[in-house]
Every structure is written in structure tokens, then in C-alpha cells.
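J.: 3D model of this:
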Amino acid sequence: MLYRENDIEILVCGDVGFGKTEIALRAAYLAIAGNKQVVMLVPTTLLAQQHYNDFADRFADWPINLELFSRFRTAKQTQEGIKGIAAGTIDIAIGTHKLIQKDVVFKDLGLMIIDEEHRFGVRQKEQLKKLRSQVDILTLTATPIPRTLNFALSGLRDISVIATPPKARLSVKTFVREWDDALLKEALIREIRRGGQVYFLHNEVQTIEKMQARIQDLVPEAHIRIGHGQMRERELESVMRDFYHQRFNVLLCTTIVESGIDVPTANTIIINKADRFGLAQLHQLRGRVGRSHHQAYAYMLSPPLNAMTDDAKKRLTAIEALDTLGAGFALASQDLEIRGAGELLGESQSGAIDQIGYSMYSSFLEQAIAGIQRARKIKKGEPVNAINIQESVEINLNIPARFPSAYLPDVHLRLTMYKRIASASTNEQLEELQVETIDRFGLLPDAAKNLFEIAELKLRAAENDIKVLEVGPSGGVIKFVKNPDINIDQLMRAVATNPREYRFTGAESIQVSRQMPDAEQRFALVKDVFKLISNK
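T.: Sure thing, here's the model as predicted:
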């Protein structure tokens, strides 16, 4: 599937432990088999180390060179790795933001894998994409950010959803509660006594030691150690290694464990001040547990309802309700509704959509995508489909075309009907809507008849690549899109045989001269033009 003329960008959406890393391994092998280099970008040093170990184990019997780039590596090791990338001796580079440095230049990059995509900003992703003009991109995430999900749902990026859970996997039971010593004591003791381990997430480094003392007083039998991003590299690496090997049972940590840490024996997570986290973050953190066949539990500790924002209440309600296996995509969709879709061309990853409404936004986006796809097909000489979007055509016959207030007194109802007419994409839909209107409100007045007839003309104009059609009492102007798919020969003959009526006024426009004092004559002219230019 790799190395076509145009680069491929695919979003793989699957819950934690559903096999996204396996897809990355196989894609990397295909790229290397095609004599290309692979870069894998991850958000944290711990996840980089884990992926490096996984890749090294899988490709141990193959002549494939890997290199790790993170703060766990010395400056000398990093510089040697950068030289190897430039020389082409390193096949797979796995690392954090160190791979976005300006001095990192790949000899022949073919595939870029972005793991936990929601943890990166727009600038960072675009900067890495500039490493090579044509590079295939594989994006892995359990909960895509609104902007990325919007790309996928709009058809601008391919999406593949992994919905099948691993065998014997159980969903994580999720509870949203206020701080309760008795509840926390029960949760900690239950996990410790069954031989498991606990993540206790407290995302404030300044007070993390006080929290350690508080938990220790609550459960004296707990063996607690601290892990956070401000610790020295070797110390943090030692803590995580000891936790993996079950040398202590409670890891008091910050969000550094959010991405990819795989500890099958850890089956309870307690998140303090959960209202301060995003929906994707909460789902990712919940995914740190339940990675074996044991029942796992997630406790989201939050302040009272009256002390939280409305969005925080929505997030916690969603995370508690959607605790089934494979809920990541559903949560991402919920996040899209809560925060908005973000900017396609800007850096904002959420928001802004509430200013125009989702329906109008989707309509604008559909028009833009259809125009871009059509232009690409024309450039390649491929057949193009008609753009059946009324809003892409401007028609003005200088006649009344509306629902009179005497016919439809309710302003909101009139606006709703206008929107339904504008959204119709086929003549059949318009006919059904016209029948419904007559059935509900009575026979159409002339202005309403004109409204439906103009809507039908817009559909035909879109099929004939007309973008502007303006007609008045003594003639009109017709403007086409660039490189229109029309019957040019027939149009040229009409202009040559009847120069007083038809005249070219530009590369994509013609002027029509004819006396048309009433609406029926103007409709007749437009239909004549359609017959003249149609290829059907």
C-alpha cells in the first residue's frame, strides 16, 4: 500500500491494548522492505523506551537497525543517531520531540508513525510532516482530538477503527465520586490483597509528597513510591522498572504514565481532581489498567457538582457512562460535540464551531472538499461527478422567491423551510418537500413557486458547472467554473449562428441578450441554456 505518487495519511482508532502497535510494526516492516526509513514519534520517554523494546524484540532476527531518541540517551548517543539517520544506516528511529529538531535530516523517509496523536500540537505534527514532501503517515490513537476526528469524518483523511477487543478482556468499571477515605481505603486494600498494583494519579508535583503521607496513613500496608517528570532520568527509569517487576504496589504519579505504559498486574487506578482532565486524557489514563483478564476499576475523584464547570460535568458523565470495551471512538465523538471541531487550516484543535452551527459548518466544508476533489480529478484527466450542492451556485432572476409572511407567519418555521430547500440534493427531494409544503400550508403563492423552481435550477446549474447565473428583463450573464465539463462545440455554434443573442465575455462566461419582462420568460431562457450546454 505504500509509496504511491501521493502520500497516504491514515488514522487508526482503537482502544488501549487493541493492537495498534501491531499495525505499526507491520507497516514499518513494509516500509523497510521498500528501502525506506521509518520514524515513530511518541509523546513520552517511557513510551519511547517501551516501543523501542517492542520493535527490537520483533525485529531481532532481521538486519534492521533501530535507534532511540529520548532524554534517557546521552548527548553522544543522540548525535551518533542523528548522523546515522542522515547517512541512512538507521532504518527505524523511535523517539520523543527530539526527532523534531532542525538538525534531524532523514536520507529517505518513507513512513511516519505518530503514536498517541492527541498528545501533540498542530505545529509539532506539521513540522514533522515537513521532513519530507511525500511521506506516508500512520496516526495511532484511542481518542482522536476533535480536529483530527473532524478530518476523518469529513473525508479529508482515511480512518480505520479497531473495534474487536482482545480475547478475555473485561471492561474497566468506572466510578465518579467525591473524595471519601472509606471508599479509597477499600479500593486500595482490595487490589493489594489480591496481589495487584494501583496507580494513584495526583498531578501536582509540589504536593505529591503530602499525598504520599496521606495515603500511607490511610493504608499502612501499602508500599508507595513516587514517579513524575521532574525526576532525574535514571531515578524515574528505576521507579518504573521496579513497578513493572512488582517490587512495590502503589505508584503515586502524575500524568507521565498516561501513554502506553503496559503493566498487566495493575488493575486499579485512582485519579484525583479528575474534573481538571480532558475526556481523551481520562480515557487514556483509565486504559492503564485492565490490560489482563482480571476485573479492573477506575475511580475518578472530583469536587461537588456545584464546584465544577458545565463542560467538566459533561466529561465526567460521559467517561462514567461509556465504560464498555472499544468506547474510545464514542468518547472522541462526544468530545467533538462538547468542544467543537477546531480549525482545519489553523492551529486551534477544538472550538469555534458554535459561532455558525454544526449544520452550516458541515455544508461549507462539504462544498470545499467537493471543489478540491473535483480540481484534482480534472488535473489528472479523471471523470468528475457533478457537484450537487445548491450553495455552490448563485442564481438571481430578479424575481420574488420566498415564502410570504401571509403564507407562513412563523419566522422560525420559514427559516427551517428555507434550510430544508437549500439542503435538498435531488429533484425528488425537492418534489417531496413541495408536496409536503402544500399539504401543510396550502397552495403555493407565486413567490413560493419561484423559490422551488430556482432551487431546481440550482441543481441543474451545478450539474452543468455553472457558478453564477444572473438574468434580468433584458438579458443576463452566465459564469462557469474553471475548465467546465460542458458541450463546448454546441455552445460555440450557438454563439456563431446567433451573435446578437449570445456573446463570450471572458474565458468562462457568456452574455445573453433577450427581452424577458416576466418570470416565465426568464425561466425559459435558463432552461434553453441548459439544453445548449448539457453533455447528457
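J.: go ahead and confirm residue 28 touches residue 55.
T.: Yes - when contacts are counted by C-beta atoms under 8 Å, residue 28 is listed as touching residue 55 (7.3 Å). For glycine as for every other residue, the C-beta is placed from the backbone atoms N, C-alpha and C.
J.: spit out the residues that contact these two alike.
T.: Each of 40, 92 lies in contact with both residue 28 and residue 55 under the rule C-beta atoms under 8 Å, 6 or more residues apart in numbering.
J.: helices of the stretch 201-350 of the chain, residue ranges please.
T.: Secondary structure of the stretch 201-350 of the chain (DSSP state H, counting those that start in this stretch): helices located at 208-218, 233-244, 279-286, 310-321, 328-339.
J.: tell me the most buried of these?
T.: Across the helices of the stretch 201-350 of the chain, the average number of neighbours (mean count of other C-beta atoms under 10 Å) peaks for helix 279-286, which reaches a mean of 25.
J.: so for that helix, what's the average pLDDT?
T.: The pLDDT scores in helix 279-286 average 80.
J.: for it, which helices and strands make contact with it?
T.: In this structure, helix 279-286 packs against strand 266-271, strand 297-301, helix 310-321, helix 328-339, with contacts taken as 3 or more C-beta pairs under 8 Å, 6 or more residues apart in numbering; DSSP states H and E.
J.: tell me which of residue 28 and residue 55 has more neighbours.
T.: Shown here are residue 28 and residue 55; by other C-beta atoms under 10 Å, residue 28 has more neighbours (27 against 21).
J.: quick check: phi and psi at that one.
T.: Here the main-chain torsion angles of residue 28 (degrees, to the nearest 10) amount to phi -60, psi -40.
J.: helix or strand: which one has the nearest residue to residue 113 once chain neighbours are set aside?
T.: Counting by C-beta to C-beta, 6 or more residues apart in numbering, the nearest residue to residue 113 once its immediate chain neighbours are dropped is residue 40, at 4.3 Å. Using DSSP states H and E, residue 40 sits within strand 37-41.
J.: residues in contact with that strand?
T.: With C-beta under 8 Å, 6+ apart as the test, strand 37-41 has contacts from 24, 28, 31-32, 51, 55, 85, 88, 90-97, 99-100, 106-115, 120, 128, 131.
J.: neighbouring strands - and their directions - for it?
T.: Paired neighbours of strand 37-41 in the sheet (DSSP bridges): strand 92-95 (parallel), strand 109-115 (parallel).
J.: can I get the buried part of the contacts of strand 37-41 as one PyMOL selection?
T.: Listed next is the PyMOL selection for buried residues among the contacts of strand 37-41, using 16 or more other C-beta atoms under 10 Å:
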select buried, resi 24+28+31+32+51+55+85+90+91+92+93+94+95+96+97+99+100+106+109+110+111+112+113+114+115+120+128+131
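J.: other SSEs contacting the host helix or strand of residue 431?
T.: According to DSSP H and E, residue 431 maps onto helix 427-441. Packing contacts for helix 427-441, counted by 3+ C-beta pairs under 8 Å, 6+ apart, involve helix 411-423, helix 446-463.
J.: just for this structure, where's the confidence low?
T.: Within the chain, the segments meeting pLDDT under 70 span 1-7, 117-134, 145-157, 259-261, 323-392, 507, 535-536.
J.: residues near the residue nearest to residue 113, how many?
T.: Neighbour tally, residue 40, other C-beta under 10 Å: 25.
J.: same question, residue 11
T.: By other C-beta under 10 Å, 21 other residues sit near residue 11.
J.: in its sheet, what does the helix or strand where it lies sit against?
T.: If you go by DSSP H and E, residue 11 is part of strand 9-14. Strands that pair with strand 9-14, judged by DSSP bridges, come out as strand 136-141 (parallel), strand 158-162 (parallel).
J.: send me that strand as CSV with only the CA atoms.
T.: Taking Å, rounded to 0.1, in the frame of the first residue of the first chain, the C-alpha atoms of strand 9-14 are listed here in CSV:
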residue,chain,number,x,y,z
GLU,A,9,-2.4,9.5,5.7
ILE,A,10,-4.4,7.0,7.7
LEU,A,11,-5.9,7.4,11.2
VAL,A,12,-6.1,4.1,13.2
CYS,A,13,-8.5,4.5,16.1
GLY,A,14,-8.5,1.7,18.7
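J.: just to revisit the earlier point, angle of the helix or strand following the strand holding residue 40 against helix 233-244?
T.: Sequence order places helix 45-58 as the next helix or strand after strand 37-41, per DSSP H and E. When axes from the mean of the first three to the mean of the last three C-alpha atoms, to 10 degrees is applied, the directions of helix 45-58 and helix 233-244 differ by 70 degrees.
J.: give me the contacts around helix 45-58.
T.: So helix 45-58 is contacted by 21, 25, 28, 40, 42, 66, 68-72, 92, 94-96, 115-116, 233, 236-237, 240, 256-257, 259-262 (C-beta under 8 Å, 6+ apart).
J.: show me how far that helix is from its chain's centre.
T.: Between the centre of helix 45-58 and the centre of its chain there are 26 Å (C-alpha atoms, centre = their mean, to the nearest Å).
J.: which helices and strands does the helix or strand following it pack with?
T.: Counting by DSSP H and E, the next helix or strand C-terminal to helix 45-58 is strand 66-69. Identification of packing neighbours for strand 66-69 by 3+ C-beta pairs under 8 Å, 6+ apart yields helix 45-58, helix 75-87, strand 92-95.
J.: now do strand 66-69: distance to the chain's middle.
T.: Per C-alpha atoms, centre = their mean, the displacement of strand 66-69 from the mean C-alpha position of its chain is 29 Å.
J.: residues in contact with the spatially closest residue to residue 312 that is not a sequence neighbour?
T.: Using C-beta to C-beta, 6+ apart and skipping residues adjacent in sequence, the residue nearest residue 312 is residue 275, 4.1 Å away. Residues in contact with residue 275 (C-beta under 8 Å, 6+ apart) are 302, 303, 308, 309, 312, 315, 316.
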